[in-house]
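# The sequence and its predicted three-dimensional model are supplied below.
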Amino acid sequence: MEYSIEKKSASSGSLLKFEGALTIYVITDLKSELLKELNSAEGSLTIDFAGLEEIDTAGIQLLILLKEQARQIGVELVYSSHSPALLRVMDLYGLVGYFADFIRLNKKERAGYRFKYGVKKITNPA
């Protein structure tokens, strides 16, 4: 499966609309392209994943790498419009809190995910 990226200007920075697969089969080319966009971003970069159809561990590793690179260079990187494929993998690996992006789901959609990790209050037994 292939991918496409459409670049748009947004009021708060750059916007990339991703469509297709984020898998090991395209990761080499995609990594170069996304790092170039990130390094040239002024202030912020948003990647819209509404069109993401498939993602594997290599894709998640790339998303983690991009977040780390963004932190190092001082660019706000936001992942938005999370597709069901992306949410399933983020939920599986417990990465919702790590990415810290706003996720908009209604009650019915949210029922399909756990999103429970990291919410229990830990008490110190005396």
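Okay, I see it. Numbers count the residues shown, from 1 in each chain.

# which SS state does the residue nearest the centre of the chain fall under?
Among the residues of the chain, residue 79 comes closest to the average C-alpha position under Cα atoms, centre = their mean, at 4.2 Å. State at residue 79, reduced to three classes by DSSP: H, G, I helix; E, B strand; the rest coil: strand.

# hey, which helix is longest across this structure?
Looking across the chain with DSSP state H, the single longest helix is helix 57-73.

# for it, which positions count as buried?
When burial is assessed from 16 or more other Cβ atoms under 10 Å, helix 57-73 yields the following buried residues: 58, 59, 60, 62, 63, 66, 67, 70. C-beta here means a position set from N, CA and C on the backbone, and glycine is covered the same way.

# which one of these is nearest residue 114?
In terms of Cβ to Cβ, no member of the buried residues of helix 57-73 lies closer to residue 114 than residue 60, at 16.6 Å.

# Name the nearest residue to that closest one, sequence neighbours excluded.
With Cβ to Cβ, 6 or more residues apart in numbering as the criterion, residue 60 has its nearest non-adjacent residue at 5.7 Å, and that residue is residue 89.
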